[in-house]
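Colleague: I would like the atomic coordinates for the input below:
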Amino acid sequence: MVDLNKLKQLRKETGISFAMCKKALEETKNNIEASKKLMQKWGLEKAVDKEKRLTTQGAIFSYVHHDRKVASLVEILCESDFVAINSDFQKFGQEIAMQIASMSTPSKNINELLEQEYVRDPSKKISDIIKEAILKFGENIKIGRFIKWNLGIES
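Modeller: Have a look, this model is predicted:
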């Protein structure tokens, strides 16, 4: 039987659907950390299943550092406008824009960006964060284009 408090906690911490959280808790006998790892594994599998699906919707996100000397723009693509306007997708986009602006050595291409450590959790790469988003939103999600500006430095 699933512990309802743990179900609420797992849902709050991951943002993944109650049904997926419940299934993970059932399979791990209410172990939250094991459930997170299991859902991460499911996310990898879902990402592979969805990676061929078209991403014709999305949004452009920006970040300007508080000192106004560094900025970034990033295009994040998804499958539907419904996901593109979702507030959690908006937060995700802002996180990726902040990631791009925060890196001391900017990535030259998307593959390099995907291999970067996530600044908020160095145990994860940006590709892991995208796979988690795919699991959370149930759609294929890709980074289209991005750019970083540093004041006074040519790109």
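Colleague: all contacts plus neighbour counts: C-alpha atoms, from now on.
Modeller: Noted.
Colleague: Which secondary structure element of the chain has the lowest mean pLDDT?
Modeller: Every helix and strand of the chain was ranked by mean pLDDT, DSSP states H and E. The lowest is helix 32-50, at a mean of 75.
Colleague: So which elements touch the helix or strand just after that helix?
Modeller: Going down the chain from helix 32-50, the next helix or strand is strand 57-64, by DSSP states H and E. Applying 3 or more C-alpha pairs under 8 Å, 6 or more residues apart in numbering; DSSP states H and E, one finds that strand 57-64 contacts strand 70-78, helix 81-84, helix 87-102.
Colleague: Where does pLDDT dip in this structure?
Modeller: Where the chain drops to pLDDT under 70, the residues are 43-50, 155.
Colleague: got the domain boundaries for it?
Modeller: 4-50, 57-150 (automatic domain parsing).
Colleague: Turn those into CSV, including mean neighbour count.
Modeller: Shown next, in CSV, are the domains of the chain (neighbours: other C-alpha atoms under 10 Å):
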stretch, mean neighbour count
domain 4-50, 17
domain 57-150, 18
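Colleague: picking that back up, looking at the helices and strands packed on strand 57-64, which is closest to residue 3?
Modeller: With C-alpha to C-alpha as the measure, helix 87-102 is the member of the helices and strands packed on strand 57-64 nearest residue 3 (25.6 Å).
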